[in-house]
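K.L.:
Give me the fold of what follows.
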Amino acid sequence: MSIFLGLRNDRGLSDGEIEYCVLAWRILCGEDQRILILDEAGIDYSRTRFIEDTNVVYLGANAYPGEGFSANSRMSDKWRESFDYMVSVEFERVVSQWIKNLSSSNDTSEIPDWARASGLYDAIKNGSVVTAAAV
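P.N.:
Numbering: from 1, shown residues only. Have a look, this model is predicted:
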């Protein structure tokens, strides 16, 4: 394997990392929630996988990026200093980018049905997103 290829995480996830994954999962699924099984997430070398027969997802250690040079790997140790801070900042960045993309989308086929039904899309379309800067 080349040293330039990124690897996925193989260390069991911490309680905070699992909590972050659950929160992201809830947002990604929206109103159409899917079962996320956490039993193996804290175990080293566990793998995230979808079981089609039962329509459930097992969260594994590899849900997080590992070390290396790839789009899925962390490039800065600066963020590792405070995982709690990293989670909230990264989560806010992901959500605000998603809302920005949703509000400015010209392709209405990309708008999730639940965003239309809930009135979210109508409330934010052609709007702007403002986020606070971390100091």
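
K.L.:
quick check: domain ranges of the chain?
P.N.:
Per the record, the chain has its domains at 1-75, 76-135, by automatic domain parsing.

K.L.:
Report the secondary structure element holding the most centrally placed residue in the chain.
P.N.:
Geometric centre of the chain, nearest residue: Ala24, 4.8 Å, by CA atoms, centre = their mean. Of the helices and strands defined by DSSP states H and E, Ala24 is found in helix 15-29.

K.L.:
Now find how far off-centre that helix is within its chain.
P.N.:
7 Å (CA atoms, centre = their mean, to the nearest Å).

K.L.:
tell me which residues of the helix or strand following that helix are tucked away?
P.N.:
The helix or strand immediately downstream of helix 15-29 is strand 35-37, counting by DSSP H and E. Buried residues in strand 35-37, counted by 16 or more other CB atoms under 10 Å: Leu36. (Glycine included, C-beta is placed from N, CA and C.)

K.L.:
Can you give the contact residues for strand 35-37?
P.N.:
21-22, 25, 54-59 (CB atoms under 8 Å, 6 or more residues apart in numbering).

K.L.:
Direction included, what does it pair up with?
P.N.:
Here strand 35-37 is paired, per DSSP bridges, with strand 56-58 (parallel).

K.L.:
Need the residues that contact the strand it pairs with.
P.N.:
Here strand 56-58 makes contact (CB under 8 Å, 6+ apart) with 25, 34-37, 39-40, 46-51.
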